[in-house]
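Chemist: Mind folding the following:
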Amino acid sequence: MRVSLNGQVAIITGGSSGIGLATAMRLADEGAHAVIVGRSEAHVRESVEKVQRLTTSVTPCLGLVLDVGCETDMDELTRQTLRQFGSIDILVNCAGIAKSRNSQRHLPYPIAQLPVTEWDEVVGTNLRGTFLSNRAVLPTMIAKKSGVILNIASSPGGIAGQPFAAAYCASKFGVLGLSESLAEEVRQYGIKVCTLFPDAIETPLLRNSTLERRLGQPLPVDRVADLILYVLTLPRETILMTSRHLCHCILRRTPQDLNQWDR
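Modeler: Just a heads-up that it's a prediction; the model follows:
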């Protein structure tokens, strides 16, 4: 009983690169209207063109240059999406950073030296951005009594504290708490809230940090996009690894992946 995504409207924050772009392409291939949200006008435009060029979809794709951490931008997100497509069925929240976008520092900060500006930017994007994007789509989903929200956390950063990654871990732990609270509030409206915990993934976020040397060979983004598609096409009453009414999905590298890196 696989759910069809044909004609559904799917917002993907952080959709202009990494997991978000791979997900937008998967959903477009399934016939969904992909709404790609990113901060760079050039990257958003290129991503929309790529989705339309490389997928089998004939449904329109919308690109929006917006910041998930800005309240007025997230209000604009829903206005423009509803103006274009008239509905919002899915939100996949992929927007995230590991350090300040303007930081020239290559070594991670210990907490004793962590600047407040660095903390604020990471938490502002990863946690505040998740809150604002989730809140923005709720009125539409509540009114139609259906919808799926999938928030991206992190493994291991969203499961266990990691040294020299306090802001990132705190923000991803927060994504879980926010998602659990939201799931309890909106299940009465037929809205499903899911949290995905991907392991080390080959994304710009990982390439721009020191984590890749520590964690080893990352997984390709397509593996995550495939899992996201699987979750979104499950029957609406189906949840995985349930904790009350929250879906926790953890994608980990296999021993074979790690052994290949060791060799």
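Chemist: contact partners of stretch 160-172?
Modeler: Here stretch 160-172 makes contact (CB atoms under 8 Å, 6 or more residues apart in numbering) with 96, 98-99, 108-111, 114, 118-119, 122-123, 125-127, 153-154, 156-158, 211. In this view, the C-beta of every residue, glycine as well, is placed from N, C-alpha and C.
Chemist: mind redoing it with 7 Å?
Modeler: 98, 108-111, 114, 118-119, 122-123, 126-127, 153-154, 156-158 (CB atoms under 7 Å, 6 or more residues apart in numbering).
Chemist: what about the stretch 1-150 of the chain, any weak spots by pLDDT?
Modeler: 104 (pLDDT under 70).
Chemist: what ranges do the strands span in it?
Modeler: 9-13, 33-38, 62-65, 90-93, 147-152 (DSSP state E, counting those that start in this stretch).
Chemist: Next, format the ones you listed as TSV and append mean neighbour count and distance to residue 193.
Modeler: Output for those, formatted as TSV (neighbours: other CB atoms under 10 Å; distance: least, CB to CB, whole Å):
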stretch	mean neighbour count	distance to residue 193
strand 9-13	29	15
strand 33-38	30	19
strand 62-65	19	22
strand 90-93	28	10
strand 147-152	25	5
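Chemist: Let's have those in CSV, adding distance to residue 45.
Modeler: Listed next are the strands of the stretch 1-150 of the chain as CSV, based on distance: least, CB to CB, whole Å:
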stretch, distance to residue 45
strand 9-13, 15
strand 33-38, 9
strand 62-65, 6
strand 90-93, 20
strand 147-152, 23
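Chemist: out of the ones you listed, which comes closest to residue 189?
Modeler: With CB to CB as the criterion, residue 189 lies closest to strand 147-152 of these, at 8.0 Å.
Chemist: What helices and strands are in contact with that closest one?
Modeler: Judged by 3 or more CB pairs under 7 Å, 6 or more residues apart in numbering; DSSP states H and E, strand 147-152 is in contact with strand 90-93, helix 129-144, strand 191-198, helix 221-232.
Chemist: what comes up buried for the last one?
Modeler: If I follow you right, that is helix 221-232. 221, 223, 224, 225, 227, 228, 229, 231, 232 (16 or more other CB atoms under 10 Å).
Chemist: how deep is residue 184 tucked in, by neighbour count?
Modeler: Residues near residue 184, counting by other CB atoms under 10 Å, number 13.
Chemist: circling back: output the helices and strands packed on strand 147-152 in a markdown table; the columns should cover distance to residue 25.
Modeler: Below are the helices and strands packed on strand 147-152 laid out as a markdown table (distance: least, CB to CB, whole Å):
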| stretch | distance to residue 25 |
| --- | --- |
| strand 90-93 | 12 |
| helix 129-144 | 20 |
| strand 191-198 | 17 |
| helix 221-232 | 7 |
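Chemist: between these, which gets nearest to residue 65?
Modeler: Of the helices and strands packed on strand 147-152, nearest to residue 65 by CB to CB is helix 129-144, at 14.7 Å.
Chemist: now that closest one and strand 9-13, what's the angle there?
Modeler: Compare the direction of helix 129-144 with that of strand 9-13 by axes from the mean of the first three to the mean of the last three CA atoms, to 10 degrees and you get 170 degrees.
Chemist: i'd like the first residue to be 491 from this point on
Modeler: New numbering, starting at 491: the last item is helix 619-634.
Chemist: Which neighbouring elements make contact with helix 619-634?
Modeler: Partner elements for helix 619-634 (3+ CB pairs under 7 Å, 6+ apart): helix 561-575, strand 580-583, strand 637-642, helix 656-676.
Chemist: So what touches it?
Modeler: Taking CB under 7 Å, 6+ apart as the rule, helix 619-634 contacts 501, 503, 558-559, 561, 564-565, 567-568, 572, 577-578, 581, 583, 585, 637, 639, 641, 665, 668, 672, 676, 679, 681.
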